[in-house]
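> turn this into a model:
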Amino acid sequence: MLFTVLGVIALFLRERDTNNTEEEVQNDVPPVRNSDGREIDDWCKEPSLLEPVSVHSEEPSLEEPVSVHSEEPSLEEPVSVHSEEPSLEEPVSVHSEEPSLVEPVSVHSEEPSLEEPVSVHSEEPSLEEPVSVHSEEPSLVEPVSVHSEEPSLEEPVSVHSEEPSLVEPVSVHSEEPSLEEPVSVHSEEPSLEEPVSVHSEEPSLEEPVSVHSEEPSLEEPVSVHSEEPSLVEPVSVHSEEPSLEEPVSVHSEEPSLEEPSLDLIFFSAESSWSEDLSSSFLTVESSWSDDLSSGFLTAESGCGDDEPLFVDSAEPEKLMEDKETQTIEINSHCYAIEAQLGEGGCGAVFSATRLEDGLQVAVKLSDFEEEKRFISVDGFEDPLPLEIALHFLANKGPKVKEIIELLDWKVETDRYFMVLEQPIPCMSLHEFLLDCEGIIPENKLRTIMYQTTVAAQTCCQRGVLHRDIKLENLLINPDTLEVKLIDFGCGDLLTEDSFQYFRGTREYFPPEFSSTGRYHGEPATVWSLGVVLFLLVFYRFPEQSDLPRMNNRRLRIKGLSRDCCDFFHGCLQLDPKDRLELQNLSSHKWIRTRTRRNEENCPNLTDGSSHSNHPITSN
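Residues are numbered from 1 along each chain as shown. Below you'll find the predicted structure:
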């Protein structure tokens, strides 16, 4: 037993001695060196070879550095490594002055880390996806929350840079032009893709929104202020250079070249005594105005289409097939329709020949208006259309050559025909006046006015109010000066009551209708005769300034007799009660007697002088 214990003790001591001997031998073994001559030790000042973490480097990190502080670039995923030499392979918690080849972790190094450093602080550019990196060199791949003095090339977010951001910068402030949709980017260099809410001193090229720029915005700037012309619809863009596409709400000191909003005012002057009266069925009060033509004007009727008579125009539908052979039958009489003579307010007039005896006639074709008016006439079973009835009544009784004769008529469902006398040769008094050279002698004036007065008196005596006596509705034979009144389309039956509408030509309607909206038939007819005479003498309608002198009993017109001036005075009184009576006009001294003109008062009728040589004076 004792020997056994002693044996064990001896073995123990022997083994201890053996161990001590091995340690001494081990201490004499030279250290292992790497390829560059450096010794390898677990706690040396050389870089660690296995997975360094927490690396601090002054060189740039090339691949995805995360939370790495380094003065040189890290090339491969170093994690928390502190080293002065480059780490090649993932060193782990190694402190060394030599490079670590395998994934060093927590390594502090002054040399660049080549693989994926994390949390790296570097003064050199990070080439791949640095996160939370502070660098003075540009970040090339998707830096997030990076502060850099070099440009960010891909999708920087919340980046402050003095270099241009090339891909979708956000919140960038730039003094260079933004090319594509900048969004809240702050940069001193141009942003090339989609900047929004950019403050820039250079032009924005694509759809900037809320952009402040001193250079032109090329595509759809919004909120632009520009001192140069905006070419295309600017939208609320503030800029000191021109915006080229679709700016809206632009304040500019230069002209806008597209879609200017402009306010255009058009003026229309008409020869009328009223301010704005319809010439057909007038019911609104109006007054004379000073906007009257100083020259001779054609007054057109308001009875329909307001087309002047005896002017070539389109033919009615049924009479267009063949003017030379078209025939119509009216009450067993056949008529060959020929050329169109003219078109009045209420219908078209054609030249025609009665086939049975070759009589030359005029055929008037009129369409019914929306409101058909018929009048019962003694001797006819059926009522007649208003125009036919008025014309028939005006011709009824002893023939009066001063009124055109109604020869026949025919009534259809939507239109009616009238066969009328056609004087040959003849023209309208309007055409006659235009053909005159110089002034019309007073004796011719008297002849014309006498026949016109007789026609007007006859109509009223037979209960017809023509209501449209004017130059265009008076036919004259230029050789014999025979005058005939035509066109009863605007007329009505004469009553003692006043009329509250005026259907005719407004240049001829009486002033009382303007002031009161009412007029009586005969005084209104006298006024229209005075206007006809005024036109024949002065080649123009009476103006507002003419009326006070016309109302002076001592009216004198150079070249016209006192009796003619008195006739003027009696017809153009503003107060209808002061006008001459219609039935007394034909017995007026100027109409009834042939006066000898005073050479002192009358100009030479052959000198071709203008009608404006008739001054209106009063003594």
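> ok, what's across the strand from residue 415?
residue 367 (DSSP bridges).
> pLDDT at it, what is it?
On the pLDDT scale, residue 415 is placed at 93.
> what sits against it?
For residue 415, the contact set (Cβ atoms under 8 Å, 6 or more residues apart in numbering) comprises 316, 365-368. (Glycine included, C-beta is placed from N, CA and C.)
> pLDDT check: weakest of these?
Within those, the minimum per-residue pLDDT falls on residue 316 (40).
> what segments of the stretch 501-619 of the chain are strands?
555-557, 616-618 (DSSP state E, counting those that start in this stretch).
> lowest-confidence stretch among those?
strand 616-618 (a mean of 50).
> any chance of JSON lines for the contacts of residue 415, columns distance to residue 388?
Compiled in JSON lines, the contacts of residue 415 are given as follows (distance: Cβ to Cβ, whole Å):
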{"residue": "316", "distance to residue 388": "17"}
{"residue": "365", "distance to residue 388": "12"}
{"residue": "366", "distance to residue 388": "9"}
{"residue": "367", "distance to residue 388": "14"}
{"residue": "368", "distance to residue 388": "12"}
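> which one of those residues sits closest to residue 565?
Nearest to residue 565 out of those is residue 366 (Cβ to Cβ; 40.5 Å).
> for that closest one, list the residues it contacts.
If you count contacts by Cβ under 8 Å, 6+ apart, residue 366 has them with 346-347, 385, 387, 415-416, 418, 489.
> cool, residue 485 as well?
Taking Cβ under 8 Å, 6+ apart, one finds 402-404, 452, 455-456, 459, 466, 469, 473-474 in contact with residue 485.
> tell me how far it lies from residue 358.
Distance of residue 485 to residue 358, given as Cβ to Cβ, to the nearest Å: 26 Å.
> hmm, back to that, can you lay out the contacts of residue 485 as a markdown table showing distance to residue 438 and neighbour count?
A markdown table is the format used below for these (distance: Cβ to Cβ, whole Å; neighbours: other Cβ atoms under 10 Å):
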| residue | distance to residue 438 | neighbour count |
| --- | --- | --- |
| 402 | 27 | 20 |
| 403 | 30 | 23 |
| 404 | 29 | 23 |
| 452 | 22 | 25 |
| 455 | 27 | 23 |
| 456 | 28 | 26 |
| 459 | 32 | 28 |
| 466 | 31 | 28 |
| 469 | 25 | 26 |
| 473 | 25 | 26 |
| 474 | 21 | 22 |
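> now, which of those sits nearest residue 542?
Taking Cβ to Cβ as the measure, residue 542 lies nearest residue 469 of these, at 15.5 Å.
> take the contacts of residue 485 and keep only those in helices.
452, 455-456, 459 (DSSP state H).
> for residue 477, which non-adjacent residue is closest in space?
Nearest non-adjacent residue to residue 477, counting by Cβ to Cβ, 6 or more residues apart in numbering: residue 426, 5.5 Å away.
> contact partners for residue 334?
By Cβ under 8 Å, 6+ apart, residue 334 lies in contact with 327-328, 354-356.
> closest one of those residues to residue 564?
residue 354 (42.0 Å).
> hmm, the closest one is touching residue 362, no?
No - counting by Cβ atoms under 8 Å, residue 354 stays clear of residue 362, with 11.1 Å between them.
> please enumerate the shared neighbours of these two.
The contact sets of residue 354 and residue 362 overlap at residue 419 (Cβ under 8 Å, 6+ apart).
> okay, now the unreliable bits of the stretch 501-619 of the chain?
Residues of the stretch 501-619 of the chain that meet the criterion pLDDT under 70 lie in 594-619.
> swap in the chain?
Residues of the chain that meet the cut-off, pLDDT under 70, sit at 19-325, 344-346, 594-619.
> pop the domain breakdown of it in here.
Split into domains by automatic domain parsing, the chain comes to 43-150, 152-263, 317-421.
> now the ones in helices among the contacts of residue 485 as JSON lines including distance to residue 17?
JSON lines is the format used below for the ones in helices among the contacts of residue 485 (distance: Cβ to Cβ, whole Å):
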{"residue": "452", "distance to residue 17": "166"}
{"residue": "455", "distance to residue 17": "168"}
{"residue": "456", "distance to residue 17": "166"}
{"residue": "459", "distance to residue 17": "166"}
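> closest to residue 545 out of these?
Among these, residue 452 lies closest to residue 545 (Cβ to Cβ), at 26.0 Å.
> my read: the closest one touches residue 535, true?
No - contact criterion Cβ under 8 Å: residue 452 and residue 535 do not qualify, at 11.7 Å.
> any common contacting residues for those two?
Counting by Cβ under 8 Å, 6+ apart, residue 452 and residue 535 have no shared contacts at all.
> list phi and psi for residue 336.
phi -90, psi 120 (degrees, to the nearest 10).
> got the end-to-end distance for stretch 452-469?
Stretch 452-469 has an end-to-end distance of 9 Å (criterion: Cα to Cα, to the nearest Å).
> what's in contact with it?
Residues contacting stretch 452-469 (Cβ under 8 Å, 6+ apart): 301, 303, 390, 393-394, 396-397, 400, 402-403, 473-474, 483-485, 487-494, 502-505, 508, 521-522, 524-525, 528-529, 532, 582-583, 585-586, 591.
> go through those and flag which are in helices.
390, 393-394, 521-522, 524-525, 528-529, 532, 582-583, 585, 591.
> Throw those residues into TSV and include distance to residue 442 and neighbour count, thanks.
Below are the ones in helices among the contacts of stretch 452-469 laid out as TSV (distance: Cβ to Cβ, whole Å; neighbours: other Cβ under 10 Å):
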residue	distance to residue 442	neighbour count
390	33	28
393	34	22
394	29	25
521	29	23
522	26	19
524	26	25
525	23	26
528	21	22
529	16	24
532	15	21
582	22	21
583	24	12
585	17	25
591	12	18
